[in-house]
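A.B. asks: I'd like to go over a predicted model; first the sequence, then the structure.
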Amino acid sequence: MLRPMRRKGAFSVRFGWPAAYAVLAAGLLAACSVSGSPPAGSATSSARTGPSWAVTATREPLTTASGSAVSHDTEVMALASQGGRLFAATDQWEYPGAPAAGQILVKDAADAPWRVFEQTGSLRVQALDSFPIPADQGLGAGHSLLVTQAVVNGRSEIQWLLDGAGSFAPDDAFVLPSTAAAVRSFGAHESAGVWSVYAGAEPTGILRATWSPIRHTLVFDPVSELTAPPPNSPGLKTQKVTGFADCGGALYVTINTTLYRRNDGAVQPGTARWAAVYQEPPVGARNSGLRGLTCVTHDGAPALLTSTEGDGDAFRFDHLPAGQVGGPAPGPGQAAAGLSPALEFDPGPALRQLLAEQGTTVPATGNGSIDYVIAAYNNFETIDADGASRQFFGVEHAYAGGCPPSRTCGPTASRAATFDAQAVFAVRTDTGGTPSYVLRALDGPDFTPAGPVGKPIRSGQAFVAIRTIKRSPFDAGRIYFAGYDANFYPADGTAWAASAPLTAVDASMNGERS
């Protein structure tokens with residue numbers, strides 16, 4: 001993290017100015033507006049009573065047990081729906097107490113409390129995902145696999161469970177080389193009738209586990225398929241594998257600043273199993289590079305969405321290649337295999353307009369400006385809302401030179417970036433032509449910061465970031481949000497989860513068509 005926003009003149013180098021300008025001129029700044037005044041001819045909702053940016057949400061305590069370790073959780077890293085339940089991965093990063101360790105929580109029903117599913121020894125349980133198992137894999141249709149990684153009983157383990165199992169079984173685990181090894185993301189992909197789950201382990205690399213249709217479990221290969229450049233390489237922090245996407249018949253992955261594509265089957269001589277197809281320019285030491293890798297459909301064809309940490313830009317890759325790809329790795333700011341990034345969203349103007357609607361004027365540059373953004377921490381979550389398939393994702397932003405007087409802020413990272421306390425998310429809509437984006441923020445009594453922040457920041461004082469969004473597995477009419485980002489600043493009990501009726505989001509969308 002903490003790479004400042006790139007000024008937009010860099011687009012002429014990175015994307016090609018004519019293409020970027022076409023996207024912007026076609027309506028990016030207008031489409032991404034957060035104005036409460038709908039364009040002419042748009043629908044409005046009589047149920048909408050507040051400002052267009054506000055979505056009233058209800059926080060749900062992660063624990064009600066006095067003295068529970070969960071009360072000190074600082075972040076919710078991921079939500080996952082599986083077997084009719086909702087799971088959460090938490091951590092205690094920057095909690096000043098000891099011992100600090102995250103948990104895996106579960107919610108069994110809409111009216112059930114969160115409870116501890118597994119107590120871990122991991123400072124951060126960073127990855128949690130659920131994948132449908134293809135019907136041709138020995139179980140038939142309707143089965144799914146929950147996958148996570150945590151330190152358990154002194155060992156770092158990738159763990160999985162099938163459908164509604166009540167706990168992780170010792171046999172359904174793969175031990176990583178050391179407790180320092182951690183997984184940030186998982187992916188799944190089927191090729192030639194073989195279904196596999198992939199784990200992005202830092203610093204091990206990409207590990208592959210094939211599903212056994214006979215044993216009904218995963219079988220891991222201990223040898224990594226891809227080992228990225230070693231730690232301390234120029235422009236790279238470590239081998240942080242930030243996301244996978246199964247798209248257009250192939251599996252893609254982002255490792256810091258590089259987008260790779262997997263070549264399935266027997267690779268041709270001189271062709272790598274994982275081919276680099278895009279390279280973002282180098283980033284700062286605490287910056288994760290590319291984030292949010294997700295497969296979407298654009299103009300009837302599969303496409304990839306990703307974002308760049310620092311400026312929060314979201315861009316799309318169309319015309320995904322078929323077959324195997326090879327050739328020399330692209331240089332900084334370059335793509336290969338016929339790929340070309342198309343800029344879709346620059347969050348800076350949209351954030352400034354959102355803040356203006358809330359009474360804060362933010363300059364475009366200099367002290368008080370928005371100087372750092374993360375968009376789509378884990379992925380762009382696709383949810384049907386208001387009659388369209390849309391992508392939801394959290395947006396965190398920080399100010400240069402301190403918090404504006406009219407705002408409530410959370411942590412200050414490295415004495416350089418002060419983060420806004422509000423929980424903001426964006427909604428992407430792509431119904432043909434140029435995709436549009438709008439910004440929203442969680443609102444209501446549960447999302448009014450409880451006074452000035454302390455050191456450590458405590459529960460309810462700041463919300464900072466929506467890391468993860470999922471539709472409710474209990475009620476199709478609700479949506480769950482969760483998060484917080486400690487940003488290298490002491491925190492205690494700042495992790496949160498909340499839900500809102502999808503009608504509240506629908507109403508906000510009706511209040512402003514883009």
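C.D. replies: Alright, I've got the coordinates.

A.B. asks: report all helices and strands that the top helix by length along the chain contacts.
C.D. replies: Counting residues, the longest helix found in the chain (DSSP state H) is helix 347-357. Helix 347-357 makes packing contacts with strand 370-375, strand 388-400, strand 424-429, strand 436-443 when contacts are defined by 3 or more Cβ pairs under 8 Å, 6 or more residues apart in numbering; DSSP states H and E. Quick note: C-beta positions are derived from backbone N, CA and C, even for glycine.

A.B. asks: quick one: which of the ones you listed is nearest residue 248?
C.D. replies: strand 388-400 (17.1 Å; Cβ to Cβ).

A.B. asks: which helices and strands sit right next to the closest one?
C.D. replies: For strand 388-400, the elements it packs on are strand 290-298, helix 347-357, strand 370-375, strand 381-385, strand 417-420, strand 424-429, strand 466-471, strand 478-483, judged by 3+ Cβ pairs under 8 Å, 6+ apart.

A.B. asks: turn those into JSON lines, columns for mean pLDDT.
C.D. replies: Formatted as JSON lines, these follow (pLDDT from 0 to 100):
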{"stretch": "strand 290-298", "mean pLDDT": "97"}
{"stretch": "helix 347-357", "mean pLDDT": "97"}
{"stretch": "strand 370-375", "mean pLDDT": "95"}
{"stretch": "strand 381-385", "mean pLDDT": "94"}
{"stretch": "strand 417-420", "mean pLDDT": "95"}
{"stretch": "strand 424-429", "mean pLDDT": "97"}
{"stretch": "strand 466-471", "mean pLDDT": "98"}
{"stretch": "strand 478-483", "mean pLDDT": "98"}
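
A.B. asks: pull up the distance across stretch 329-336, start to finish.
C.D. replies: 7 Å (Cα to Cα, to the nearest Å).

A.B. asks: in that stretch, what's buried?
C.D. replies: Under the neighbour-count criterion of 16 or more other Cβ atoms under 10 Å, stretch 329-336 has 330, 333-336 buried.

A.B. asks: just stretch 181-195 next, same as before
C.D. replies: 181-190, 195.

A.B. asks: CA atoms only for it, dumped as PDB, please.
C.D. replies: Taking Å, rounded to 0.1, in the frame of the first residue of the first chain, the C-alpha atoms of stretch 181-195 are listed here in PDB:
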ATOM      1  CA  ALA A 181       3.700 -19.000   4.600                       C
ATOM      2  CA  ALA A 182       0.300 -17.500   4.000                       C
ATOM      3  CA  VAL A 183      -2.400 -17.600   1.300                       C
ATOM      4  CA  ARG A 184      -4.000 -14.300   0.100                       C
ATOM      5  CA  SER A 185      -6.200 -15.700  -2.600                       C
ATOM      6  CA  PHE A 186      -7.700 -18.900  -4.100                       C
ATOM      7  CA  GLY A 187      -8.900 -19.800  -7.600                       C
ATOM      8  CA  ALA A 188     -10.600 -22.800  -9.300                       C
ATOM      9  CA  HIS A 189     -10.600 -24.000 -12.900                       C
ATOM     10  CA  GLU A 190     -11.500 -27.100 -14.900                       C
ATOM     11  CA  SER A 191      -9.600 -28.300 -17.900                       C
ATOM     12  CA  ALA A 192     -10.000 -31.500 -19.900                       C
ATOM     13  CA  GLY A 193     -12.300 -32.900 -17.200                       C
ATOM     14  CA  VAL A 194      -9.900 -32.200 -14.300                       C
ATOM     15  CA  TRP A 195     -11.100 -29.700 -11.800                       C
END
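
A.B. asks: was I right about residue 264 contacting residue 250?
C.D. replies: Yes. With contact defined as Cβ atoms under 8 Å, residue 264 counts as touching residue 250 (7.1 Å).

A.B. asks: these two: who's more crowded?
C.D. replies: Shown here are residue 264 and residue 250; by other Cβ atoms under 10 Å, residue 250 has more neighbours (22 against 18).

A.B. asks: for the nearest residue to the more buried one once chain neighbours are set aside, what are its contacts?
C.D. replies: What sits nearest to residue 250 in space, not counting adjacent residues and going by Cβ to Cβ, 6 or more residues apart in numbering, is residue 261, at 5.5 Å. Each residue near residue 261 by Cβ atoms under 8 Å, 6 or more residues apart in numbering is listed here: 250-252, 274-275, 277, 321, 325, 337.
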